[in-house]
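[1] Sequence below, structure please.
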Amino acid sequence: MLFLFFGVDGDHFRAKLDYMSNSQPASGSVDIVDQSLVAQEPASSSTPHRIQRILIDFEDFGNMGFVDIITGFVQCMRNQFPNVEIVVFSNDPGRYKRFENIGITIRQNPWRWMGKHRRIKDLVQYIFWTVSDLSFSWIRWLTRGLLFGNKWELDRYDLVVHWVIDWTNEADTSFLRCVPAWFLLFVLTAICNRPIALMPSTLGPFKNPLSRKLARFIFDRVDIVALRESASFSYVGQLALKKAKVALNSDLAFLLEPVSREKGAQILDNTDITLDHNRPYFGICPNLRNGSKMRYDSLSDHQGRRDGYVQFMADLVNYLAENMNARICLIPHVYDYDDQEICVQICKRTLSRYGASWLGGQYSPQELKGIIGSFDLFIGSWMHSTIAALSMGVPTLAMAFSDKFFRLVGGTMGQSEYIIDVRNRDASEVLEETKRKLHHLWTEREAIRIELKERTAKAQAMAWSYGELIRDAIA
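    Numbers count the residues shown, from 1 in each chain. Sure thing, here's the model as predicted:
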């Protein structure tokens, strides 16, 4: 890791783009929902552009929110660059091979730990090639490419998109906890000779002079700092970046085209979850992280908080079934965070006569959004399950474990009244507030659907503008 000790200058080493041959991956088709709720594409540019290969430098395929965003990203980029190849680095490309059908190529990440089950031979090769690539990149920079003409890994792409959308921020934690993610971006700018853009992100606030100075230094080393909501745009604006282009866009998951509600309902039927049209149908996306943020009577260790959260959700399900005559379906949205097991445990604790169910199996992002859109009301604890519901016009209550909920659900979608902050609160207090707000949400559901339709159209237009930003600033 000697490259970390070299000095860096403010030019962040941008070499001329070395354009490569066209590659057009196959794309599939989906059954589209009511067109009033679908992201309407702006007219594609007829001018040929030179971006032909884009790299997303890491992945989180275990989180369907990531898959939603990448699917939207593919739509956004293909609208501007029809033949672009989009590559995603992964620690385990074989495991996530099925996601290549959204129009991406998944490749082994050459800089991350390969996993505990690798052979010694594989590990030695991994370390050798990682050190070689990093060392070679710095030799090329120090000699300005005079000694070597061949490309190293990042030089194979015309644009590198840095995958972090939820930057650790001082609204949720301390300044020191923000530094590691910033440092990784700094390393990328130090070893990359290609333009770098951020995925539309949530950033800030920067509460002390040191954090502002450090953030200004690091984020001014990238070409595009894209923000997904106005609060982040304001915070980054206060940094007064001189070189990076700062732009307000929106979360790219708004561009995800779902299957129709009818198709979503059919999927529910096929998984033995019967739709009872005589009762309202509520979807709930649980999230154990919410459980870790709340307080429970005499429960403080990890297992105690887990049990407390399961009981909290079971009590909520029982209440909705008994007092709002609702049928409940639990929707896991992050498969690598124990969501499915939590759903099973919640169902076991609900009263059997209320008939709560959970959605098993794995589905495409289009299918999962269509399923969420088939509900009459939704309770979301993960951000992108909430975005899926809101963008489908479903009245939604957000259980917030982070400041980003207030910026996106509240700011972008105008639903501040229907956000519950669970951080450092008694579970009993949160449950009572949830009950009150759900009754109000249900009463106002028709007006809310109208507002969500209008705000979704605006959010989609802002998301489409990210492709135009890439085209105008880089291509």
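
[2] hey, let's count contacts and neighbours off CA atoms from now on
    Noted.

[3] where in the stretch 351-475 of the chain is pLDDT low?
    352-355, 475 (pLDDT under 70).

[4] repeat that for 80
    352-355, 474-475 (pLDDT under 80).

[5] Just the helices from it, written as ranges.
    365-373, 383-391, 404-405, 427-443, 445-473 (DSSP state H, counting those that start in this stretch).

[6] Which strands or helices does the second one pack on?
    Based on contacts counted as 3 or more C-alpha pairs under 8 Å, 6 or more residues apart in numbering; DSSP states H and E, the elements that helix 383-391 packs against are helix 64-80, helix 365-373, strand 377-380, strand 396-400, helix 445-473.

[7] Same check on the longest one?
    Here helix 445-473 touches helix 64-80, strand 245-248, helix 383-391, going by 3+ C-alpha pairs under 8 Å, 6+ apart.

[8] Show me what the helix or strand hosting residue 188 packs onto, helices and strands only.
    Taking DSSP states H and E as the definition, residue 188 sits inside helix 175-191. Where contact means 3+ C-alpha pairs under 8 Å, 6+ apart, helix 175-191 is packed against helix 120-142, helix 209-219.

[9] Show the subsequent helix or strand relative to that helix.
    Next element after helix 175-191 (DSSP H and E): strand 196-198.

[10] Now find how far off-centre that following strand is within its chain.
    Here strand 196-198 shows a centroid-to-chain-centroid distance of 16 Å under the convention C-alpha atoms, centre = their mean, to the nearest Å.

[11] That strand - contacts with which helices or strands?
    strand 159-162, strand 224-227.

[12] Let me know which of the ones you listed is the nearest to residue 172.
    Comparing the helices and strands packed on strand 196-198 against residue 172 with C-alpha to C-alpha, the closest turns out to be strand 224-227 (17.8 Å).

[13] Could you check how far residue 423 is from residue 291?
    9 Å (C-alpha to C-alpha, to the nearest Å).

[14] Run a quick neighbour tally on residue 367.
    22 (other C-alpha atoms under 10 Å).

[15] That one - nearest residue in space that isn't next to it in sequence?
    Among residues not flanking residue 367 along the chain, residue 259 sits closest, at 5.6 Å (C-alpha to C-alpha, 6 or more residues apart in numbering).

[16] those strands in the stretch 251-400 of the chain, which residues are they?
    281-285, 327-330, 357-358, 377-380, 396-400 (DSSP state E, counting those that start in this stretch).

[17] Redo these as CSV? Include mean neighbour count and distance to residue 408.
    Formatted as CSV, these follow (neighbours: other C-alpha atoms under 10 Å; distance: least, C-alpha to C-alpha, whole Å):
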stretch, mean neighbour count, distance to residue 408
strand 281-285, 24, 17
strand 327-330, 25, 23
strand 357-358, 22, 27
strand 377-380, 26, 13
strand 396-400, 26, 11
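
[18] closest one to residue 427 among those?
    strand 396-400 (12.0 Å).

[19] and the angle for that closest one with helix 427-443?
    Orientation check (axes from the mean of the first three to the mean of the last three C-alpha atoms, to 10 degrees): strand 396-400 against helix 427-443 gives 160 degrees.

[20] packing partners for strand 396-400?
    Using 3+ C-alpha pairs under 8 Å, 6+ apart: strand 396-400 touches strand 377-380, helix 383-391, strand 419-421, helix 427-443.

[21] change it to 7 Å
    strand 377-380, helix 383-391, strand 419-421 (3 or more C-alpha pairs under 7 Å, 6 or more residues apart in numbering; DSSP states H and E).

[22] Minimum distance to residue 456: which of these has it?
    helix 383-391 (5.5 Å).

[23] quick one, the closest one and helix 445-473 angle?
    Using the same axes, to 10 degrees: helix 383-391 against helix 445-473 is 110 degrees.

[24] Keeping just the C-alphas, turn stretch 357-366 into CSV.
    C-alpha atoms of stretch 357-366 as CSV (Å, rounded to 0.1, in the frame of the first residue of the first chain):
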residue,chain,number,x,y,z
SER,A,357,-47.9,-13.8,5.7
TRP,A,358,-44.4,-13.1,4.3
LEU,A,359,-43.1,-13.0,0.7
GLY,A,360,-40.6,-15.8,0.2
GLY,A,361,-38.3,-16.4,-2.7
GLN,A,362,-36.3,-13.9,-4.7
TYR,A,363,-37.7,-11.6,-7.4
SER,A,364,-36.5,-9.2,-10.0
PRO,A,365,-36.5,-5.5,-9.0
GLN,A,366,-39.3,-4.9,-11.5
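
[25] just how off-centre is that stretch within its chain?
    18 Å.

[26] Give the buried residues for that stretch.
    357, 358, 359, 360, 364, 365, 366 (16 or more other C-alpha atoms under 10 Å).

[27] Run through the bridge partners of the second one.
    Looking back up the chat, that one is residue 358. residue 330 (DSSP bridges).

[28] surely it meets residue 329?
    Yes: counting by C-alpha atoms under 7 Å, residue 358 touches residue 329, with 5.1 Å between them.
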